[in-house]
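**Q** Sequence first, predicted coordinates after that:
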Amino acid sequence: MKTALSFDDVLLVPKYSDIDSRSNITLEQTVKNVGHISLPIISSPMDTVTESKMASAMYKLGGFGIIHRYNTIQQQAGLAREVIDQGGDCGAAIGINDDFLERAIALTNTGVGVICIDVAHGHHAKVRYALETLRNTLGTTVHIMAGNVATLQGFNDLADWGADSIRIGIGGGSICSTRIQTGHGMPTLQSVMDCAQTDRDALLIADGGIRTSGDIIKALAAGADFVMLGSLLAGTEETPGKCFQSTSGERRKVYRGMASPDAQHLWRKRVSSVEGISSSVPYRGPVEDTVKLLETGIRSGVSYTGALSIAEFRNKATMIRQTPAGQVESTTHIKGRR
């Protein structure tokens with residue numbers, strides 16, 4: 001039986017460095033049909049994470065945002081247009097049923113350059129049909145993102161079917177219950193390490209289970225080109241929805257999985273398979289504060305190997321497995337003293 005490693009199971013070994021300043025490090029990545037993205041962070045297409053405000057903010061901060069698909073075609077295209085009219089860029093999510101092609105055409109006509117096929121289990125015949133249909137209809141000038149997958153075979157198949165970038169991770173999200181409900185999944189780090197063995201050109205996007213900048217660094221070391229974030233951005237000013245006050249007086253915002261009963265009731269008017277939960281998180285202020293803190297951590301992580309770019313970092317990085325005692329030591333663990 002194979003052992004699968006998660007983020008807490010590993011550490012990166014510090015290497016010799018002669019870097020004078022973290023500001024000398026470039027985190028820029030090149031994305032087909034998009035250009036250069038200066039920060040390897042993508043905001044998740046969830047209805048409590050990314051609409052036009054988040055996508056615009058991510059663009060200004062150097063990252064990228066994918067507008068969720070849980071609205072009408074006209075509403076989603078309108079949100080994308082708001083970003084583009086402000087001089088920004090964004091992607092937009094679609095499904096694999098009914099209106100997926102009509103939605104994709106409307107979005108690309110609006111100026112969206114990244115179409116994201118957004119399903120829980122991406123290694124599926126319907127995803128193949130959607131990818132091949134989109135590629136035949138839209139040609140090669142549109143970047144198509146697809147997922148999610150957990151295996152190298154899934155990654156290679158989506159790449160062969162026409163995906164330019166692929167989301168890797170099943171069941172690892174903080175409000176995802178897929179592994180509980182179905183018994184299926186894979187630790188995201190292990191999935192990234194497996195998919196990084198590909199000989200295809202598609203970009204790897206680590207998606208799920210990422211809680212810290214340290215996890216981002218580990219994902220990049222394992223082979224990811226980007227990370228997709230939901231919970232780390234949840235509760236910020238730019239996320240959809242209003243703040244509410246808890247019984248304790250704390251300001252909070254709703255954060256929910258798109259397969260949660262609440263989300264399904266709202267967008268589908270029915271509940272089918274439940275693979276997520278609804279929750280709330282503390283209000284965290286402008287997303288810039290969160291992203292800047294993550295960026296600082298990423299730059300520090302790259303500098304610990306003596307690298308000046310993500311590509312160099314990946315080549316130099318050495319990953320080790322740590323014991324349960326090492327995991328405890330890796331956290332802040334001061335105890336009260338008398």
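**A** On my side now, so go ahead.
**Q** May I ask you to confirm that Thr141 is in contact with Asn33?
**A** Yes - with contact defined as C-beta atoms under 8 Å, Thr141 counts as touching Asn33 (6.0 Å). C-beta here means a position set from N, CA and C on the backbone, and glycine is covered the same way.
**Q** who's more crowded, those two?
**A** Asn33 (12 against 9; other C-beta atoms under 10 Å).
**Q** Quick one: residues contacting the more buried one.
**A** Residues in contact with Asn33, defined by C-beta atoms under 8 Å, 6 or more residues apart in numbering, are Gly113, Val114, Thr140, Thr141, Val142, His143, Asp164.
**Q** Farthest pair within these?
**A** With C-beta to C-beta as the measure, no two of those lie farther apart than Val114 and Thr140, at 13.5 Å.
**Q** Show me what the one helix or strand Ala57 maps to packs onto, helices and strands only.
**A** According to DSSP states H and E, Ala57 maps onto helix 52-61. Counting by 3 or more C-beta pairs under 8 Å, 6 or more residues apart in numbering; DSSP states H and E, the packing neighbours recorded for helix 52-61 are strand 41-43, strand 64-67, helix 73-85, helix 287-303.
**Q** quick one, which of those is packed in tightest?
**A** Neighbour counts (mean count of other C-beta atoms under 10 Å) averaged over each of the helices and strands packed on helix 52-61 peak at strand 64-67, with a mean of 29.
**Q** mean confidence score for that strand?
**A** Strand 64-67 comes out with an average pLDDT of 98.
**Q** the strands in the stretch 101-250 of the chain, which residues?
**A** 114-118, 143-149, 165-168, 203-207, 226-229, 244-245 (DSSP state E, counting those that start in this stretch).
**Q** before we move on, back to that, between Val114 and Thr140, who's got more neighbours?
**A** A direct count of neighbours by other C-beta under 10 Å for Val114 and Thr140 places Val114 higher, at 26 against 11.
**Q** Leaving out sequence neighbours, find the closest residue to the more buried one.
**A** Nearest non-adjacent residue to Val114, counting by C-beta to C-beta, 6 or more residues apart in numbering: Gly91, 3.1 Å away.
**Q** how near is that neighbour to Glu28?
**A** According to C-beta to C-beta, to the nearest Å, Gly91 stands 18 Å off from Glu28.
**Q** More neighbours: which of these two?
**A** Between Gly91 and Glu28, counted using other C-beta under 10 Å, Gly91 has the larger neighbour count: 27 against 14.
**Q** pretty sure Leu232 is touching Thr290, no?
**A** Yes - the pair Leu232 and Thr290 qualifies as a contact (C-beta under 8 Å) at a distance of 6.7 Å.
**Q** anything in contact with each of these two?
**A** Among the neighbours of Leu232, none is also in contact with Thr290 (C-beta under 8 Å, 6+ apart).
**Q** May I see the helices and strands packed on helix 52-61 arranged in CSV, with distance to Arg22 as well?
**A** Formatted as CSV, the helices and strands packed on helix 52-61 follow (distance: least, C-beta to C-beta, whole Å):
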stretch, distance to Arg22
strand 41-43, 16
strand 64-67, 22
helix 73-85, 29
helix 287-303, 4
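**Q** out of those, nearest to Leu131?
**A** With C-beta to C-beta as the yardstick, what comes closest out of those is strand 64-67 (16.5 Å).
**Q** what sits up against that closest one?
**A** Residues contacting strand 64-67 (C-beta under 8 Å, 6+ apart): 31, 34, 37, 41-45, 50-52, 54-59, 76, 79-80, 83, 89-93, 114, 116, 118, 145, 226, 228.
**Q** again, but for stretch 264-281
**A** Residues contacting stretch 264-281 (C-beta under 8 Å, 6+ apart): 47, 70-71, 120, 173, 175-178, 181-182, 231, 234-235, 244, 246, 252-263.
**Q** of those residues, buried ones?
**A** Buried by 16 or more other C-beta atoms under 10 Å: 47, 70, 120, 173, 175-178, 231, 234-235, 252-260, 262-263, out of the contacts of stretch 264-281.
**Q** can you count the residues close to the closest residue in space to Ser44 that isn't next to it in sequence?
**A** With C-beta to C-beta, 6+ apart as the criterion, Ser44 has its nearest non-adjacent residue at 3.9 Å, and that residue is Gly230. Gly230 is flanked by 24 other residues according to other C-beta under 10 Å.
**Q** what's the distance between the residue nearest to Val114 and Asp20?
**A** Separation of Gly91 from Asp20 (C-beta to C-beta) stands at 36 Å.
**Q** Lovely, talk soon.
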